[in-house]
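Q: give me a 3D structure for the following:
(3 chains)
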Amino acid sequence: MKRLFKSLFLVSACAILALGVVGCGEKKEEKKAEAPAAAPAPAGPKTIVFASDATYPPMQYMNEQKEIVGFEVDVIKAAAEKGGFKAEFKNVAWDGIFGGLENGKYDAISSSVSITDERKLKMDFSEPIMAIEQMLVVGTKEKATDLAGLKGKSIGAQIGTTSYFVVKDVKGFKAVKTYDEVGLAMEDLVKGSIQAVVADSPVAVEYTTKKYADKIKIAGVLKSDKVENIGIAVKKGNKEVLDLVNKGLAAIKADGTFDKIKEQHKMK
Amino acid sequence: MSATSAPSTLPIVDIRHVSKSFGALKALNNVSMSMSLGEKVVIIGPSGSGKSTLLRSINKLETVDSGTIIVDGLDINAPATDINKLRMELGMVFQSFNLFPHKTVLENLTLAPMKLKGMSRAEADEMGLKLLDKVGIMEKAHVYPSKLSGGQQQRVAIARALAMSPKIMLFDEPTRALDPEMIGEVLDVMVTLAREGMTMAVVTHEMGFAREVADRVVFMDHGGIIEEGTPEHFFKSPEHDRTKLFLSQIL
Amino acid sequence: MSETRIIDVGEGAAIPSKTDWGLFNAWTISIVFAISTIFYLIVFEPAPYKRIILYLSDGVIITFEVTIISIICACIIGLITGLGRVSKNKAINLLASTYVEIIRGIPLLVQLFYIYYALGRLLNVHDLTAAVIAMSVCYGAYMGEVFRAGITAIDKGQSEAARSLGFNTKQTMFLVILPQAWRTILPPVGNEFIALLKDTSLVSILAVSDLLRRGREFSSETFLYFETFTMVALVYLVITLLLSKGVSLMEARLSHYVRH
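A: Numbers count the residues shown, from 1 in each chain, chains lettered A, B, ... in the order given. Sure, this is the predicted structure:
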């Protein structure tokens, strides 16, 4: 019996090893095949790699085909066509997304980034894509319509977002919790662990009308005296990429493509 | 204490038709033996003869496969028997001492009386020191066992068993792990105990002890009792060939 | 077939140095380095660092709370599991073994998600509670194995001696076996404590405001990634070093007798 196990083990170990070697070999060949094709690339349009936190429906998210899709993705793809560059998307977790830009891991961030004065010190922004608002999402039975009505309760938002910044210094809450993804915050709200979530208006609308339509609702808009715009972030001084993106954005706004995309996604 | 004491006519230990196997090895094969109160029985035999197994089955450290063992009127294998209570009356001394290394010598003695008999610390300490005096190592009361020689440790182990005031003492090769110069001090304690009238079952190779102390010598081989009798009869005129062979090898 | 697992019970929680150079050892150097760096940064570079440490402070307390409560719960679960694993009762033994197999087969991160988000709809547990449950259940399984190894390492003669005096199995375990087993159990348990402390950083995914999450919150707002995570790392280092010192002090106190 023992001997049988031993030989079985040996055989399977050999098989795994062999597969591994073959696998590695194949990969190398692939790379070799790719290399010559990549060489003449500079002749074609420039490829710009955009980082997206694809957990942010309807702006950017993963579909079941594991592609990054969404409103902002469509906008960038259209802008790429008109601006004369090739857009590639990369899924990057939100709370490290700015660090990666600074370290040159990608050329730009397309992830519903709100243009703020603090962020402008660290990076450059394209022309605004559109304006958004901060919305307060609560359970369907909640009566409060503003932050003041939620004193003593727990409130959540995605880490490192303007949604979080607007509530983090407000006193009177039991806790202000930060989540890696806005979806996890919504999940906790549905579960009842927290009583409200602050989120960007498109996201708030998406969650309260589609996924959890029967469980949560929009309580109200957090009024601000400043208009909050979202845009594409690039590394400070990266004029080449910024110009291409701005050129594309301007073109689709001028010819009506942008409005068409908005309509397709039922954006206000 | 609460266990019913048997009338003096009944044996205090009565082993009837006991068998026990370890896998394919038949350690005990239909063994019967009894002891009366105050009797000192020395069990001898070659290693693997089943003598330790027999001794250990008396306090159920080994559970026999078949047969009955009656101790102080109670069937030790009966479900109704509280074996823990019964064991309090059966002191046991091991070949490897088995003192509790995390307790001092005195604590080794007082642990069981305090926890099992509800003795106060003061009472237990007093009794413990008396027993340590008896085995001749009172001065080591507050050291840890690892600081003692083998002979000293075994004397403490005897005192620890005595601390529960047992009716019967079981000795499982108590001198086997000792250096020769320490055997004497342990045997002296055992002889004293025997003179005081303690009921004792001793598995040993010390023939001098057997001759001096035993009321009865039992010779075992291959899981069975081959021959038994008084030391005089046993050592001078053994009947069985295997007994003769064993004695010729050991003496 | 009975499976045998080898648990390393020989290694201490604090790395023992071969030569005793007095204060010049790895632990002292590390703690002096960590604390003096923190103080230097706070005093001479207060602009980011004092702000960072103030922001992190309540996270430190949360991390500490989760660690201490989880350690206590994991020890209790581990003890019960260890006793179950050495139990002669087949059902209890099987139960304990199955628990260990299942828990050890699922990554802690997945367990955290599972307890908080997957089971969350059924039993709405507070985030801290979920964190403590997940840490305790996970480390309880690991510690169960350590306890089992420690208990089985005790010579059989010890339990025989105790039983022959009239102690029942429970008394034998608690009066004779476990007090001796602590000595062999403590070093690997100390290692588990430290691993647990470091793994509490995983609970930040449950939006628990622990040290790591506070660091992530601060850095994602201020973009002071280098400064923030330098501070987070130093604070973790100090807590870990203090815990490992505590464990080795406990070990020293327990080694007052030498096993024969």
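Q: surely C:Leu224 meets C:Phe218?
A: Yes - applying C-beta atoms under 8 Å as the test, C:Leu224 and C:Phe218 come out as touching, 7.1 Å apart. All C-beta atoms are positioned from the backbone trio N, CA, C, and that covers glycine.
Q: who's more crowded, the two?
A: C:Phe218 (25 against 19; other C-beta atoms under 10 Å in any protein chain shown).
Q: rewinding a little: next, show the common contact partners of C:Leu224 and C:Phe218.
A: C:Ile52 (C-beta atoms under 8 Å, 6 or more residues apart in numbering or on different chains).
Q: helix, strand or coil for the closest residue to A:Val227 other than its chain neighbours?
A: Once flanking residues are discounted, A:Val227 sits nearest to A:Ala131: 5.3 Å by C-beta to C-beta, 6 or more residues apart in numbering or on different chains. Under DSSP: H, G, I helix; E, B strand; the rest coil, A:Ala131 falls in the strand class.
Q: please report phi then psi for A:Val198.
A: Dihedral pair for A:Val198: phi -100, psi 130, per degrees, to the nearest 10.
Q: report how many residues lie close to it.
A: Residues near A:Val198, counting by other C-beta under 10 Å: 27.
Q: hmm, A:Phe165 and it touching each other?
A: No - with contacts counted by C-beta under 8 Å, A:Val198 stays clear of A:Phe165, the gap being 9.5 Å.
Q: how far does the longest helix belonging to chain B sit from its chain's centre?
A: Using DSSP state H to define each element, chain B has its longest helix at helix B:180-195. Counting by C-alpha atoms, centre = their mean, to the nearest Å, helix B:180-195 is centred 14 Å from the centre of its parent chain.
Q: next, count neighbours for C:Leu212.
A: By other C-beta under 10 Å, the residues close to C:Leu212 number 23.
Q: wait, a helix at it?
A: Yes - C:Leu212: assigned to a helix according to three-state DSSP.
Q: contacting residues for it?
A: C:Leu212 sits next to C:59, C:63, C:201, C:204, C:232 when contact means C-beta under 8 Å, 6+ apart.
Q: buried ones in the helix or strand hosting C:Val146?
A: Using DSSP states H and E, C:Val146 sits in helix C:127-152. Buried residues in helix C:127-152, counting neighbours by 16 or more other C-beta atoms under 10 Å in any protein chain shown, are found at C:127-128, C:130-151.
Q: so is it next to chain B?
A: No - under the criterion of C-beta under 8 Å from any C-beta of the partner chain, helix C:127-152 makes no contact with chain B; the nearest approach is 13.3 Å.
Q: check which element follows that helix along the chain.
A: helix C:156-165.
Q: mind giving me the packing neighbours of that following helix?
A: In terms of contacts (3 or more C-beta pairs under 8 Å, 6 or more residues apart in numbering or on different chains; DSSP states H and E), helix C:156-165 is packed against helix B:83-87, strand B:90-93, helix B:105-117, helix B:150-162.
Q: nearest to C:Met250, of those?
A: Among the helices and strands packed on helix C:156-165, the nearest to C:Met250 by C-beta to C-beta is helix B:105-117 (21.4 Å).
Q: show me what contacts the residue nearest the centre of chain B?
A: Nearest residue to the geometric centre of chain B (C-alpha atoms, centre = their mean): B:Leu170, 1.2 Å. The contact partners of B:Leu170, taken as C-beta under 8 Å, 6+ apart, are B:55-56, B:58-59, B:90-93, B:200-202, C:164.
Q: now with 6 Å, please.
A: Contact analysis of B:Leu170 by C-beta atoms under 6 Å, 6 or more residues apart in numbering or on different chains lists B:55, B:92, B:201.
Q: one more: B:Leu109?
A: Neighbouring residues of B:Leu109 by C-beta under 6 Å, 6+ apart: B:128, B:159-160, B:163.
Q: what about the closest residue to it other than its chain neighbours, neighbour count?
A: Leaving aside its sequence neighbours, B:Leu109 sits nearest to B:Gly128 (C-beta to C-beta, 6+ apart; 3.8 Å). When neighbours are counted by other C-beta under 10 Å, B:Gly128 registers 27.
Q: and for the one 10 residues further on?
A: For B:Met138, the count of nearby residues is 16 (other C-beta under 10 Å).
Q: I'd like to know how far the residue of chain B found nearest chain A sits from B:Ser49.
A: Proximity of chain B to chain A (C-beta to the nearest C-beta) peaks at B:Gly23, 18.6 Å away. Note on B:Gly23: its distance to B:Ser49, by C-beta to C-beta, to the nearest Å, is 17 Å.
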